[in-house]
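Trainee: Give the three-dimensional model of this entry:
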Amino acid sequence: MTGEVRERSSLFKSLAEKGISARWIDLIISELRPYIDFRKIREASYRLVSDENGDLVKFVYEAGPTELYEIEKASQGYVTQKKQVPLDTLLAKVVGEIRFSLFEAMEAAGEQDLLTLTFAEILAWEVDFYKDVREKDRFKAVVEKLYKGDQFIQYGTVHAIEYQGEEKVIRGFEYEGAYFDEKGLSLRKSFLKAPLRFNWISSRFSRARRHPILGGLRPHYGVDYAAPIGTPVWAVADGTVVSCGWGDGFGKQVILRHMNGYQTLYGHLSRYGPGIRRGVKVKQKEVIGYVGSTGLSTGPHLDYRLIKDGHYKNPVKESFPPGQPVGSAEFQRFQKRRDEMIAHLDGETPYQKRREGDSNLP
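Mentor: Alright, predicted model coming up:
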């Protein structure tokens with residue numbers, strides 16, 4: 001017998017509607033409870049096998065595509081275990097061109113938002129996806145896709161990426177859980193390119209921008225990131241909070257001090273991040289505040305500024321030291337893997353390879 005648990009229902013109700021006795025329902029639920037939080041299961045399916053006397057022989061509960069549990073009658077009672085669901089892995093090449101945004105381009109290429117976010121995370125130290133994205137920019141990725149039969153389940157490792165912008169081409173290759181460029185330098189740098197994820201810039205760095213409230217031409221030594229109120233703001237680099245409070249026209253503001261004479265300023269916040277106060281040390285990508293419209297502001301946005309040795313710098317154009325390279329003892333292995341992935345990136349057609357279980361992909 002088979003059945004389904006639909007949204008706003010329960011396994012108990014579904015089994016009862018199938019005429020299963022309270023005795024077996026109680027046994028099934030009590031056996032599964034150590035493995036499953038039934039409050040989080042919205043939809044599921046199951047299969048029940050009984051003998052000629054109506055006694056339970058086996059119960060298989062599928063809480064998700066890869067979440068399978070089995071209760072089976074044994075000599076000393078019932079044994080319950082989570083079953084391994086075999087998946088096929090497809091190594092695929094994804095290619096796209098920007099028309100409006102990276103999200104739109106990935107969707108047009110038939111991919112899901114999770115791959116877009118992963119792609120952007122890999123390049124977070126190289127590309128500011130608020131401002132660097134241009135129409136006709138192109139991208140590529142070599143990525144694992146996991147399937148259950150013909151059903152796509154999830155993405156696996158992104159083995160290689162390429163972003164071809166107006167001025168340069170950036171490539172990244174996965175090696176030992178990190179990403180490196182063609183020379184073996186880490187893509188992870190001391191400073192992120194942007195303090196937020198995707199959105200759009202409402203005002204770029206300018207030394208003669210017309211102030212929207214005060215009027216006249218005034219220097220604007222930063223970049224405004226328009227975003228909804230409450231959008232998390234990240235520290236672009238490891239540092240120490242030197243100021244957390246009201247900054248006149250900047251409203252609620254956080255200022256961080258970093259190594260090598262750098263400071264970063266984050267203005268017009270709606271509130272501060274958890275535990276953020278003067279003297280606290282923060283890590284790169286730690287939330288230090290949330291987008292707001294406090295101070296002299298015409299709408300929700302983040303005013304982000306960069307200072308080096310007491311002088312304002314253009315955050316868009318500032319170059320930061322390259323990341324750590326692949327170790328010399330590992331470089332030959334890295335080169336071999338890099339060259340394999342370059343062949344896939346440059347190939348005319350997508351490279352695909354299926355495998356069962358846990359066999360290694362190239």
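Trainee: can you give me the helices for the chain?
Mentor: Shown for the chain, the helices assigned by DSSP state H span residues 11-17, 22-32, 102-108, 113-122, 331-346.
Trainee: which one of the ones you listed lies closest to Tyr69?
Mentor: helix 22-32 (6.0 Å; Cβ to Cβ). Where you see a C-beta, it was placed from the backbone N, CA and C, and this is true even at glycine.
Trainee: Quick check, Tyr147 in contact with Ile153.
Mentor: Yes - Tyr147 is within contact range of Ile153, at 6.2 Å (criterion: Cβ atoms under 8 Å).
Trainee: Please enumerate the shared neighbours of the two.
Mentor: The contact sets of Tyr147 and Ile153 overlap at Leu87 (Cβ atoms under 8 Å, 6 or more residues apart in numbering).
Trainee: what residue ranges in this protein are flagged as low confidence?
Mentor: Counting by pLDDT under 70, the ranges of the chain that qualify are 197-221, 348-362.
Trainee: Determine which residue of it is most distant from the centre point.
Mentor: Residue farthest from the centre of the chain, counting by Cα atoms, centre = their mean, is Asn53 at 52.0 Å.
Trainee: Give me the phi and psi for that one.
Mentor: In terms of degrees, to the nearest 10, the main-chain angles of Asn53 are phi -90, psi 0.
Trainee: where along the stretch 51-200 of the chain do the strands fall?
Mentor: For the stretch 51-200 of the chain, the strands defined by DSSP state E, counting those that start in this stretch occupy 56-64, 67-74, 77-83, 88-97, 138-148, 151-164, 169-175, 178-180, 200-203.
Trainee: out of those, nearest to Val280?
Mentor: strand 178-180 (27.6 Å).
Trainee: and the closest one, what other elements does it pack with?
Mentor: On a contact count with 3 or more Cβ pairs under 8 Å, 6 or more residues apart in numbering; DSSP states H and E, strand 178-180 meets strand 169-175.
Trainee: What are the buried residues along the strand it packs on?
Mentor: When neighbours are counted by 16 or more other Cβ atoms under 10 Å, the buried residues of strand 169-175 are found to be Ile170, Arg171, Gly172, Phe173, Glu174, Tyr175.
Trainee: farthest-separated two in these?
Mentor: In those, two members sit farther apart than any others by Cβ to Cβ. They are Ile170 and Tyr175, at 16.1 Å.
Trainee: neighbouring contacts of stretch 279-290?
Mentor: Here stretch 279-290 makes contact (Cβ under 8 Å, 6+ apart) with 190-192, 229-241, 252, 254, 256, 266, 269-274, 276.
Trainee: mind running it again at 7 Å?
Mentor: Under the criterion Cβ atoms under 7 Å, 6 or more residues apart in numbering, residues 192, 230-241, 254, 256, 266, 269-273, 276 lie in contact with stretch 279-290.
Trainee: how long is it end to end?
Mentor: Distance between the boundary residues of stretch 279-290 (Cα to Cα, to the nearest Å) amounts to 19 Å.
Trainee: Please render the strands of the stretch 51-200 of the chain as a markdown table that adds distance to Leu27 to the earlier fields.
Mentor: As requested, the strands of the stretch 51-200 of the chain are arranged in a markdown table below (distance: least, Cβ to Cβ, whole Å):
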| stretch | distance to Leu27 |
| --- | --- |
| strand 56-64 | 7 |
| strand 67-74 | 8 |
| strand 77-83 | 7 |
| strand 88-97 | 35 |
| strand 138-148 | 29 |
| strand 151-164 | 30 |
| strand 169-175 | 46 |
| strand 178-180 | 48 |
| strand 200-203 | 56 |
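Trainee: and Tyr262, which of those strands is closest to it?
Mentor: Nearest to Tyr262, of all the strands of the stretch 51-200 of the chain, is strand 200-203, at 20.9 Å by Cβ to Cβ.
Trainee: Looks like Leu90 contacts Lys148 (just checking).
Mentor: No - here Leu90 lies out of contact with Lys148, judged by Cβ atoms under 7 Å, at a distance of 11.8 Å.
Trainee: Neighbour count for these two, which is higher?
Mentor: Leu90 (18 against 14; other Cβ atoms under 10 Å).
Trainee: can you count the residues close to the nearest residue to that one once chain neighbours are set aside?
Mentor: Taking Cβ to Cβ, 6 or more residues apart in numbering as the measure, Leu90 lies nearest to Lys145, with 4.6 Å between them; neighbours along the chain are not counted. If you count neighbours by other Cβ under 10 Å, Lys145 ends up with 19.
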